[in-house]
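**Q** Mind folding the following:
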Amino acid sequence: MNGLAQITIDGQSVVLKFGLPALRQIVRSYTTTEMLVGDEYSELGITHILFAGYENGCAMENKVSAIPFKKFYEYVEQVDDEAVKQEIIGAMRAFEESKAVRDHLAKKKMPEATSPSTSTQ
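**A** Predicted structure coming up:
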């Protein structure tokens, strides 16, 4: 629920924070890339999510992000490695269970309210 996860890229432990800034970045990415294949995240979608969490984690710690997007892409391509796979699963679980994502999805599912006096939205 706190939106925190940790992965290892190039032997470096990386903190991911899935909060509102990360969600905004992911939503911007979604409009320009194919984030889903059917009901599952694509490799590129996972990469965008992890990278957004990384950049938000850096912002949370007041650090400049130093790992390029390309490294996250290469990391996700290593999904055949069981340790990497487990880190990705944990990070995606932290993303999906984060308050920012749950609040965003709850708003998306709620029908727009109509004004009782004018029946307009």
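**Q** for the spatially most central residue of the chain, what are its contacts?
**A** Geometric centre of the chain, nearest residue: residue 49, 3.1 Å, by Cα atoms, centre = their mean. By Cβ atoms under 8 Å, 6 or more residues apart in numbering, residue 49 lies in contact with 18, 22, 26, 41, 91-92, 95. The C-beta positions use only the backbone N, C-alpha and C, and glycine is treated the same way.
**Q** Widest-spaced pair of those residues?
**A** 22 and 41 (14.7 Å; Cβ to Cβ).
**Q** So the two - more neighbours on which side?
**A** residue 22 (27 against 19; other Cβ atoms under 10 Å).
**Q** Buried residues in the biggest helix by length in the chain, which are they?
**A** Scanning the chain for the helix with the most residues, using DSSP state H, yields helix 43-60. For helix 43-60, burial by neighbour count (16 or more other Cβ atoms under 10 Å) applies to 44-58, 60.
**Q** Same question for stretch 20-29.
**A** So for stretch 20-29, counting by 16+ other Cβ under 10 Å, buried means 21-23, 25-26, 29.
**Q** cool, and stretch 95-112?
**A** 95, 98, 100-101, 104.
**Q** Can you show me the CA trace of it as PDB?
**A** Only the C-alpha atoms of stretch 95-112 are listed here, as PDB (Å, rounded to 0.1, in the frame of the first residue of the first chain):
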ATOM      1  CA  PHE A  95       2.600  -0.500  -8.100                       C
ATOM      2  CA  GLU A  96      -0.800  -2.100  -8.300                       C
ATOM      3  CA  GLU A  97      -1.400  -1.900  -4.500                       C
ATOM      4  CA  SER A  98      -0.100   1.700  -4.200                       C
ATOM      5  CA  LYS A  99      -2.700   4.200  -2.900                       C
ATOM      6  CA  ALA A 100      -2.200   6.500  -5.900                       C
ATOM      7  CA  VAL A 101      -3.000   3.700  -8.400                       C
ATOM      8  CA  ARG A 102      -6.000   2.400  -6.300                       C
ATOM      9  CA  ASP A 103      -7.400   5.900  -6.000                       C
ATOM     10  CA  HIS A 104      -6.900   6.500  -9.700                       C
ATOM     11  CA  LEU A 105      -8.700   3.300 -10.700                       C
ATOM     12  CA  ALA A 106     -11.500   3.900  -8.200                       C
ATOM     13  CA  LYS A 107     -12.100   7.300  -9.900                       C
ATOM     14  CA  LYS A 108     -12.000   5.700 -13.400                       C
ATOM     15  CA  LYS A 109     -14.700   3.100 -12.400                       C
ATOM     16  CA  MET A 110     -17.100   5.600 -10.800                       C
ATOM     17  CA  PRO A 111     -19.700   6.900 -13.300                       C
ATOM     18  CA  GLU A 112     -19.800  10.600 -13.700                       C
END
